[in-house]
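**Student:** Please find the sequence and the predicted model below.
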Amino acid sequence: MNKINLAVTGCLGRMGQQIIKSSKLDRKFKIVALTENRKINRKISGIKPVLNDESAFRKANIIIDFTVPKCTFQVLKMASKLKKKVVIGTTGFSKQEEELIKKYSRKIPILKAGNMSLGINLLMYLTEIASSSLGNNFLSKVYEVHHKHKKDHPSGTALMLGKGIAVGKNKDFYKMIGNKYFNKKTFPYGKKINFNSIRKGETVGEHEVKFSSGKEIITLNHEAFDRALYSEGALAAAKWLMSKKPGLYSMRNVLDFK
């Protein structure tokens, strides 16, 4: 069985560590490179981490990147030159950065997802259906909770769900973004999509989409208990992407939601 040579960026991060752990349990993968944005003087799983450069990625078939936007674009620049496939789990991209990722995907296969979980991607699908079915008489909002170490807010997943609301209404998501609240106990519905982000403890992830007509409330929610579901999803995405031509893909393509 031919193994997939895997490079993991941000190898000291929470998701980097989890991807290393999950890939060691999956005989389909062989880790050939680990990278960080600073020099590390110790080995991790028998491999010494290096800085992001072309030599780090040369032996890889695919790169899994859960870092920050600045690092992701360093990786994409090198991956594009080396013709390597990339799975992006990084969040916090601007609209302009999203467009730049699309440009890179014309040269190499890229799978990008704000969340690699089966449940979250199903939740987004259901959010689109609910938003379309309920129409404009229902206002909406998105609530999310993550661990205290997470820097970006709203989370990439919350933005995914907000996009699901916009898609359901056939509207431009960026024009639908309303107020962004942080650590508020309560927050209002809006004609645009309001977001509230909570950062506390070691919470893996909680997400909730609510629709209200003023007479009734409809709630869709998801709670994650184990970060392994994200790393296993990323590895499933990597396997799926191996056979694909250049283009920009999502977990929805992997899961074949119609």
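**Tutor:** Structure's in. What do you need?

**Student:** how many other residues sit next to Tyr181?
**Tutor:** For Tyr181, the tally of surrounding residues (other Cβ atoms under 10 Å) stands at 19. In this view, the C-beta of every residue, glycine as well, is placed from N, C-alpha and C.

**Student:** Give me the sheet partners of whatever helix or strand it lives in and which way each runs.
**Tutor:** Element membership for Tyr181 (DSSP states H and E) is strand 177-182. Sheet pairing for strand 177-182, assigned by DSSP bridges, gives strand 193-199 (parallel).

**Student:** What are the contacting residues of whatever helix or strand comes next after the partner strand?
**Tutor:** Downstream of strand 193-199, the first helix or strand assigned by DSSP H and E is strand 205-212. Applying Cβ atoms under 8 Å, 6 or more residues apart in numbering, the contact partners of strand 205-212 are 115, 120, 123, 127, 130-131, 134, 138-146, 155, 157-158, 161, 164-165, 189, 217-224.

**Student:** What pairs with the next helix or strand after strand 205-212, parallel or antiparallel?
**Tutor:** Tracing the chain C-terminally past strand 205-212 and defining elements by DSSP H and E, one meets strand 217-224 next. Looking at strand 217-224 with DSSP bridges, its partner strands are strand 205-212 (antiparallel).

**Student:** Give me the buried stretch members for the strand it pairs with, please.
**Tutor:** 205-212 (16 or more other Cβ atoms under 10 Å).

**Student:** Likewise for stretch 135-145?
**Tutor:** 138-145.

**Student:** Now tabulate those residues in JSON lines and tack on distance to Lys239.
**Tutor:** Conversion of the buried residues of stretch 135-145 to JSON lines gives the following (distance: Cβ to Cβ, whole Å):
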{"residue": "Phe138", "distance to Lys239": "39"}
{"residue": "Leu139", "distance to Lys239": "40"}
{"residue": "Ser140", "distance to Lys239": "35"}
{"residue": "Lys141", "distance to Lys239": "36"}
{"residue": "Val142", "distance to Lys239": "30"}
{"residue": "Tyr143", "distance to Lys239": "33"}
{"residue": "Glu144", "distance to Lys239": "28"}
{"residue": "Val145", "distance to Lys239": "30"}
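
**Student:** Return the member of the residues you listed nearest to Met78.
**Tutor:** Glu144 (32.0 Å; Cβ to Cβ).

**Student:** what about that closest one, which SS state?
**Tutor:** Using DSSP: H, G, I helix; E, B strand; the rest coil, the structure places Glu144 in strand.

**Student:** Quick check: closest non-adjacent residue to it.
**Tutor:** Ala158 (4.2 Å; Cβ to Cβ, 6 or more residues apart in numbering).

**Student:** what about the one you found, how many neighbours?
**Tutor:** 28.

**Student:** Go ahead and confirm it touches Val145.
**Tutor:** No - Ala158 lies out of contact with Val145 (Cβ atoms under 8 Å); the separation is 9.9 Å.

**Student:** which residues are in contact with both of the two?
**Tutor:** Ser197.

**Student:** re the thing from before, could you give the average pLDDT over the strand holding Tyr181?
**Tutor:** For strand 177-182, the mean pLDDT works out to 97.

**Student:** residues contacting the residue nearest to Asp65 when sequence neighbours are not counted?
**Tutor:** Sequence neighbours aside, Thr9 is the residue nearest to Asp65 in space, at 4.6 Å (criterion: Cβ to Cβ, 6+ apart). The contact partners of Thr9, by Cβ under 8 Å, 6+ apart, come to 16, 35-36, 52, 63-67, 71, 75.

**Student:** can you rerun that using 6 Å?
**Tutor:** When contacts are counted by Cβ atoms under 6 Å, 6 or more residues apart in numbering, Thr9 touches 35, 65, 67, 75.

**Student:** No more questions from me, cheers.
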